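1. attaching a predicted model along with its sequence, questions to come.
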Amino acid sequence: MTQPSGSGRNRSQVQTFRVSSVSASGGTYTVGVSPSIYMPNWSTARSATLTWNDRTYNGTGVGIENMTIFYSGSSSVNFDITMGNTYASWVKGVRFVGAPVISPLNVSGSKNALVSNNYFFSNLVLNGTYPPAMQTDTSSDTLILNNIMTSGVPWEGNGGITGLVFAYNYGRDTFTLYNENSTFDHHGYSSFELFEGNQMGQMLEDATWGTHNLNTYFRNYVPCWDAPYNTFTSAGVPRGIAIDRYHRFTNLVGNAIGTASQCSTYQGDYNAIGSIFRIDTYDPLVSSTLFRWGNATVAKQAGDSPANSGVRFLASEVPSTLSSALASLSNVVPQDTSLPCSMFFPSGTSCTPSYGGGSGLNWWNVCTSWSSFPTSCAGSQAQPFPMAGPEVVNGPYVNGHAYDIPAAVAWLNLPIDTSLQNSYTVTSSSWANGVMTLTVAGLPAGSVHIMGPFQLAGVSSACMAGATVGASNELLMTGSNASTVSYALPSNPGTGCTGTMKFPDVRQFDERVYQSDSGTPISGGLPAGGGGTGIAPPAGLVASVR
């Protein structure tokens, strides 16, 4: 297989591990590794190779915490930070504003990396490139946890990934002409990836440059679109979870998927529009090896459990009778409908949702108002745990089966960094059928497709009545083009809404927005989430990449 960056065959199946022992006997060396090799197909007959760096090129126990990294757009570096060839290292509590050529953060050739409690606003220059918040490649056992990822693709994998956990991350506003608020591993080969508890428009097993196997999607909330923006181009096909050709043994369990106005069809093939599950039928092994169990969707069917509930526990969606060489990889149909609360927090085999806090996680409680940002929290909110799944009820999404995750609550309530806003003049306005359209002078030109929150100044309060969100009275775009911006406004304001539009709304950020949630710890001891007890992080640190 040839990838864009290579000129020949690439070894895409990779596992990075720690060498725990080396012994020699008669010129033959025995190498012990920790953990063990995951995939069952490693073999000398397949020319498997062992490679390593000189120890001077490796980093162990290196961390970056609690600062803003601002990229001015004046250099040609690929990443603000590269975690290359690292072990047990971390990036935590960092606000990334702007992106170099590729993305703010790259994790490559690393093991046991932690990326948590960060905020990304990658496309500050509004140039239409929608850089991903971060990229990951050739790394193993990476934990990407509780991050806010805006203005670009939330996460892009570049192949060779094993044992990734991508959990409780919030993606939105990708500044694209089409729905791309999605995780996707863009290159071969990944395996044993777990995507749990995330909230973003779509999730994709992408076959552009290679295949993946044995990945799991668990308790994610996937609305099918980059809500509430609804004027994508014809290429902006809404979809829920998409599995491309040659992606085998994918597990989709306990997810809450769909928005009735965007994707109400349960399943479709590669060319389908508005499908909750887009399954590529070119490769029949995609569907025959796909495991689906306990997903809640907006498509209600007679075969649901119970009927027409949108929740499905069907034996026919379990690959229990695979034939020929695949028979040993068949799944037994589960005997009941119990699901664990989590697949990587110790939580038992069944789950009773907690709706008023009580997760025990030290980052699950979110500060929603401030006496003084970021040192004095005036009010907080703990979300239900788990936040999505078939047994979750009374939520605002997917027939009640999903709630916002903590990172989404934090995004809504963090204050705006007004120093990074641009001011645009609103020259005229019109209202029709619950939508206000503003004509705005000087909007970014070219391929940029702005979306997300903005503020209006110098207009009548009627121009925002019933339409604002959060403490900063922001409006959310439902559409935009080179000269107009639209948003939902319930009633005709009866007056012109000319004034000043302020955009983009980059958040101020400090990881003390996340605080400890009471209860018996589910996590077994996660890295500190900021806030709560412990040492407060340093304040006022800014790094500028020139």
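-> Nice, thanks for sending it over. Computed from a predicted model, the values in this text were never measured in an experiment.

2. so what's residue 50 up against?
-> residue 31 (Cβ atoms under 8 Å, 6 or more residues apart in numbering). In short, each C-beta sits where N, CA and C put it, glycine included.

3. could you check how far it is from residue 490?
-> For residue 50, the distance to residue 490 equals 64 Å [Cβ to Cβ, to the nearest Å].

4. what does residue 243 give?
-> Distance from residue 243 to residue 490, by Cβ to Cβ: 39 Å.

5. which of the two has more residues huddled nearby?
-> residue 243 (27 against 9; other Cβ atoms under 10 Å).

6. go ahead and confirm the more buried one touches residue 289.
-> No. Counting by Cβ atoms under 8 Å, residue 289 is not a contact partner of residue 243; they are 9.9 Å apart.

7. overlap in contacts of those two?
-> Joint contacts of residue 243 and residue 289 (Cβ under 8 Å, 6+ apart) are residue 250.

8. show me which strand runs longest in the protein.
-> strand 422-432 (DSSP state E).

9. tilt between the helix or strand following that strand and strand 422-432?
-> For strand 422-432, the following helix or strand on the C-terminal side (DSSP states H and E) is strand 435-441. Interaxial angle of strand 435-441 relative to strand 422-432 (axes from the mean of the first three to the mean of the last three Cα atoms, to 10 degrees): 140 degrees.

10. following the chain onward from strand 435-441, which element is next?
-> strand 453-457.

11. elements contacting that next one?
-> strand 475-480, strand 499-503 (3 or more Cβ pairs under 8 Å, 6 or more residues apart in numbering; DSSP states H and E).

12. strand 453-457 and the last one, what's the angle between them?
-> Regarding strand 499-503 and strand 453-457, their directions subtend 150 degrees when assessed with the same axes, to 10 degrees.

13. quick one: strands adjacent to strand 499-503?
-> strand 422-432 (antiparallel), strand 453-457 (antiparallel) (DSSP bridges).

14. list the buried ones in it?
-> 499, 501, 502, 503 (16 or more other Cβ atoms under 10 Å).

15. which one of these is nearest to residue 378?
-> Closest approach between the buried residues of strand 499-503 and residue 378, by Cβ to Cβ: residue 502, at 24.6 Å.

16. got the strands paired with strand 499-503 as TSV, with mean neighbour count, distance to residue 104 and mean pLDDT columns?
-> Output for the strands paired with strand 499-503, formatted as TSV (neighbours: other Cβ atoms under 10 Å; distance: least, Cβ to Cβ, whole Å; pLDDT from 0 to 100):
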stretch	mean neighbour count	distance to residue 104	mean pLDDT
strand 422-432	15	20	98
strand 453-457	21	20	98
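
17. and of those strands, who's closest to residue 284?
-> strand 453-457 (43.8 Å).

18. figure out how far that closest one is from the centre of its chain.
-> Strand 453-457 sits 25 Å away from the centroid of its parent chain (Cα atoms, centre = their mean, to the nearest Å).

19. what's in contact with it?
-> 173, 416, 421, 426, 463-464, 469-470, 472-477, 485, 497, 499-505.

20. and that strand, C-alpha only, in PDB?
-> What follows is strand 453-457, C-alpha atoms only, in PDB (Å, rounded to 0.1, in the frame of the first residue of the first chain):
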ATOM      1  CA  PRO A 453     -21.400  31.000  18.400                       C
ATOM      2  CA  PHE A 454     -21.200  34.800  17.900                       C
ATOM      3  CA  GLN A 455     -22.300  38.000  19.700                       C
ATOM      4  CA  LEU A 456     -24.300  41.000  18.500                       C
ATOM      5  CA  ALA A 457     -23.800  44.500  19.900                       C
END
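
21. what angle separates it from strand 475-480?
-> Going by the same axes, to 10 degrees, strand 453-457 makes 110 degrees with strand 475-480.

22. what's the closest non-adjacent residue to residue 41?
-> Distance criterion Cβ to Cβ, 6 or more residues apart in numbering; nearest residue to residue 41, sequence neighbours excluded, is residue 13 at 8.0 Å.

23. can you give me the strands in the stretch 201-350 of the chain?
-> Applying DSSP state E, counting those that start in this stretch to the stretch 201-350 of the chain gives strands spanning 202-205, 212-213, 216-218, 221-222, 239-243, 251-253, 256-257, 265-268, 275-279, 291-293, 295-297, 311-312.

24. so for the third one, what's the average pLDDT?
-> Just to be clear, that refers to strand 216-218. For strand 216-218, the mean per-residue pLDDT is 97.

25. same question for the second one.
-> Per-residue pLDDT over strand 212-213 has a mean of 89.

26. show me what contacts residue 21?
-> Shown in contact with residue 21 (Cβ under 8 Å, 6+ apart): 30, 31, 32.

27. try 7 Å
-> residue 32 (Cβ atoms under 7 Å, 6 or more residues apart in numbering).

28. tell me the secondary structure at it.
-> At residue 21 the chain is in strand, as set by DSSP: H, G, I helix; E, B strand; the rest coil.

29. my read is that residue 510 contacts residue 374, right?
-> Yes. The criterion here is Cβ atoms under 7 Å, and residue 510 meets it with residue 374 at 3.4 Å.

30. the two: which has the busier surroundings?
-> residue 510 (24 against 20).

31. look up how far residue 118 lies from the more buried one.
-> 11 Å.

32. got it, and residue 312?
-> For residue 312, the distance to residue 118 - Cβ to Cβ - is 35 Å.

33. more neighbours: the two, which one.
-> For residue 312 and residue 118, the more surrounded residue by other Cβ under 10 Å is residue 118, and the numbers stand at 28 against 20.

34. that one touches residue 91, doesn't it?
-> Yes. Using Cβ under 7 Å, residue 118 is in contact with residue 91, at 6.4 Å.

35. and for those two, which residues touch both?
-> Between them, residue 118 and residue 91 share no contacting residue, judged by Cβ under 7 Å, 6+ apart.

36. just to revisit the earlier point, winner for burial among the strands of the stretch 201-350 of the chain?
-> Greatest average neighbour count among the strands of the stretch 201-350 of the chain goes to strand 256-257 (a mean of 31), per mean count of other Cβ atoms under 10 Å.

37. roughly how far is it from the heart of the chain?
-> On Cα atoms, centre = their mean, the centre of strand 256-257 falls 14 Å from that of its chain.

38. hmm, who's touching it?
-> 221-222, 240-241, 276, 295-297, 388-389, 397-398, 401-402.

39. got the contact list for the residue lying closest to residue 442 once chain neighbours are set aside?
-> The shortest distance from residue 442 to any non-neighbouring residue, by Cβ to Cβ, 6+ apart, is to residue 424 (5.3 Å). The contact partners of residue 424, taken as Cβ under 7 Å, 6+ apart, are 440, 441, 442, 443, 500, 501, 503.

40. how close does the third one sit to residue 133?
-> It stands for residue 442. Going from residue 442 to residue 133 by Cβ to Cβ gives 27 Å.

41. check the fourth one too.
-> According to Cβ to Cβ, residue 443 and residue 133 sit 24 Å apart.

42. and what of the fifth one?
-> Counting by Cβ to Cβ, the separation of residue 500 from residue 133 is 29 Å.

43. likewise for the second one?
-> From residue 441 over to residue 133 the distance is 31 Å, taken as Cβ to Cβ.

44. who's more crowded, these two?
-> Neighbours per residue (other Cβ under 10 Å) separate residue 441 from residue 133, with residue 133 holding more: 30 against 11.

45. which residue, other than its chain neighbours, is closest to residue 277?
-> That would be residue 267: by Cβ to Cβ, 6+ apart, it lies 4.6 Å from residue 277.
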